[in-house]
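Q: With the sequence up front, the predicted model follows.
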Amino acid sequence: MNMNTLLGVIGVGRALVQDAEGVRARSYDERGLAPELRGLLDDGLFAEHGGLVGTGTTEGEGVFDFRYGPFTGGYPEAGVFHFHTYGEKILSVQADLSCKRRAIEAFMTGRGVDDCVEASAMVAGNFAAAHSLAFCRAVEAARGLSVPSSAKRIRIIALELERIYNHLMVIARLSLAAAQKVLAAHVEALFEETLRINASFSGSRLLAGVSRIGAVAPKVSDPGAAWLRELPRRVEALRRRFESIYGASLSNRNYLDRLHNIAAVSPELAARCSLTGPSLRAVGVARDLRGSEELLRGFAPVTKEEGDALARMEVRAEEILQSCALIARQCEALQAEAAAPEGHASAATSSDATAGDSPSVPTGGDRAAEGAGVGAAESPSGTVAWWVELAQGRVARARVSTPSLFGFQVFAEALCGHIFTDFPFAFDSFGLSFADAAR
Amino acid sequence: MRWWPLYGITRRLTERGAYRSQAEVAGLPRLFRRSLFVYAVDVGNSNALNVEVAALRTPQYNIHRMGIFFTDTPRHADLLLVLGHPTPGTLGPLRETIAQLPRPFGIIHVFEPFSTDGQAADLELPNLVARIEGVPEAAELLGILLKAAKGGKR
């Protein structure tokens, strides 16, 4: 499907737009925009609408607003759902994001870029690698910095590890909701194993601090580091275990029936509400930012056609296997580059990014203290995009587009007409985060 | 079709570990030495703390063998685990949740160093047994809970 996805307004008549080539800042025409999408594109969502996202309300005889949250046993994040119902069937849905609103973009104004890299990771701790990478790419674009290929490979590894543990977390929650406790326990065990792999790779279980401006953290940049020898072995073991568990789960009718036909999304709804990520790929749209990565040539996104919770789970499961393969390939390439004679790129650290040990590392990055740039990354739940404007070497203005925000709108529309017991399957299958959406 | 119970019992996932924490933790009443029910609430963290709490519930830790249980309601809770710097939207519900806890109870507040409002997260919570800055890993978190349950002496 050839479409332009509007991800956020950054100024009068200008917006972040994703097309087949990636995300860029360009002019857009707001005529013809769906009203629900228009409400998501700027900060008016919080300033004027109290952070409410969804379908609007329903009134009628016996219809009431069932408020669920912000603290519930059923969902770990602080967020509020408003279900309008007369008892069982859900007629309309609104999600109140305001409980997780921390105004991180406003916090960045006037601060140094290194502080802002850390702040970008705090938008959603479980998407820390994707947010910090997209933010770094935006600053690199603004400054005209290039990054050594080995640093790019390490960033890809971090992004794929983040995808694996988030997808495992989603699948564990889905299997728990379907009362598949043995399946859930084994998937949860792999989730914890992935966090440990993350720690041995980067020093952080949630991969915080891997990306730096123009480089990667010193901990991961040494081509002779132990993690480079261990990582392929541990990821391969994880892949084998997951493949076996996932294969067995596909023969479990109780599990699959519970996901089948739940909160099905049509391609039209996905396009109207700027849906990205695995939820978009589950409706048959082969769009993934990894396809435009120069080091991932030939990348083919996983897609399914049905658009329901089952399709979203299957896309995530197959992406886990795909991510394991991508990590193995990047590790092989890093090892080959490390073994190659001098002259090949090595990963610059933030402290030696200007040392000139690679032709692709800029020697005067800090000269470009003014400018604006866009950076994006394929997070576990879709496109994360940052637009950053620099002035005097500091962040003058920043704007982020998160996949969860658009996902909440699609989830709300897709859940209407279902009953309450479908809620966990519908919600968890989208992999949404209040923190990510509220930022 | 795989027979899941057999698959489950033929793979040993639970690990042995000492799970000690160096954090300053005041003890809860001796009543909770062998059984501690924990209610975790996110009041505005980035999700990092939620992920670590999810990790604590994985089979590797098997927290039930140590008498630690997560509950879905404050009514059944002995310990309230408050996660994050509170936002304006969560302060009221947090106070209400505390009012619903049966007595005796304790509260542990864990928060990330990063905060957009620059405020220290001192909420003057009642019965506070620990106030921890950072994102403790699941194993560390388990050590903190065990220390609280054992009277702060582990």
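A: Done, it's in.
Q: for whatever residue of chain B ends up closest to chain A, what are its contacts?
A: Per C-beta to the nearest C-beta, residue B:72 is where chain B lies closest to chain A, at 2.2 Å. C-beta here means a position set from N, CA and C on the backbone, and glycine is covered the same way. Contact analysis of residue B:72 by C-beta atoms under 8 Å, 6 or more residues apart in numbering or on different chains lists A:72, A:73, A:74, B:39.
Q: what's the pLDDT at it?
A: Here, the pLDDT recorded for residue B:72 equals 93.
Q: Determine whether the claim that it is in a strand is correct.
A: No. Residue B:72 is assigned coil when assessed by DSSP: H, G, I helix; E, B strand; the rest coil, not a strand.
Q: Phi first, then psi, for it.
A: Main-chain torsions, residue B:72, degrees, to the nearest 10: phi -100, psi 10.
Q: For residue B:104, see how far away it is.
A: 20 Å (C-beta to C-beta, to the nearest Å).
Q: just residue B:38 next, same as before
A: 14 Å.
Q: Name the residue in the two with the higher neighbour count.
A: residue B:38 (23 against 11; other C-beta atoms under 10 Å in any protein chain shown).
Q: ok, that one touching residue B:70?
A: Yes. Residue B:38 lies in contact with residue B:70 (C-beta atoms under 8 Å); the separation is 5.3 Å.
Q: which stretches of chain A aren't confidently modelled?
A: Applying pLDDT under 70 to chain A picks out residues A:1-2, A:341-368.
Q: tell me the helices in chain B, going along the chain?
A: Using DSSP state H, the helices of chain B run over B:4-9, B:48-56, B:88-99, B:138-149.
Q: Kindly report the same for the stretch 251-400 of chain A.
A: With DSSP state H, counting those that start in this stretch as the criterion, the stretch 251-400 of chain A has helices at A:253-259, A:267-272, A:278-281, A:309-339.
Q: Check what contacts the shortest one and list those residues.
A: Counting by C-beta under 8 Å, 6+ apart, the neighbours of helix A:278-281 from elsewhere in the structure are A:167, A:265, A:270, A:287-288, A:301-304, A:312, A:315-316, A:319, A:380-382, A:407, A:410, A:429-431.
Q: What of the first one?
A: By C-beta under 8 Å, 6+ apart, the residues outside helix A:253-259 that reach it are A:174-175, A:177-180, A:183, A:249-250, A:308-310, A:313, A:425, A:429.
Q: Give me the subset of those residues lying in helices.
A: Residues of the contacts of helix A:253-259 located in helices (DSSP H): A:174, A:175, A:177, A:183, A:249, A:309, A:310, A:313, A:425, A:429.
Q: Could you verify my assumption that the last one touches residue A:261?
A: Spelled out, that is residue A:429. No. Applying C-beta under 8 Å, one finds residue A:429 not in contact with residue A:261, separated by 11.8 Å.
Q: Report the central residue of the chain.
A: Just going to use chain A. Central residue of chain A (C-alpha atoms, centre = their mean): residue A:379, 2.4 Å from the mean position.
Q: who touches it in this structure?
A: Applying C-beta under 8 Å, 6+ apart, the residues near residue A:379 are A:127, A:130, A:131, A:159, A:162, A:163, A:277, A:403, A:436.
Q: Closest one to residue A:397 out of those residues, please.
A: Nearest to residue A:397 among the contacts of residue A:379 is residue A:131, at 17.0 Å by C-beta to C-beta.
Q: one step back: most tightly surrounded among the helices of the stretch 251-400 of chain A?
A: Comparing the helices of the stretch 251-400 of chain A by mean neighbour count (mean count of other C-beta atoms under 10 Å in any protein chain shown), helix A:278-281 ranks first with a mean of 30.
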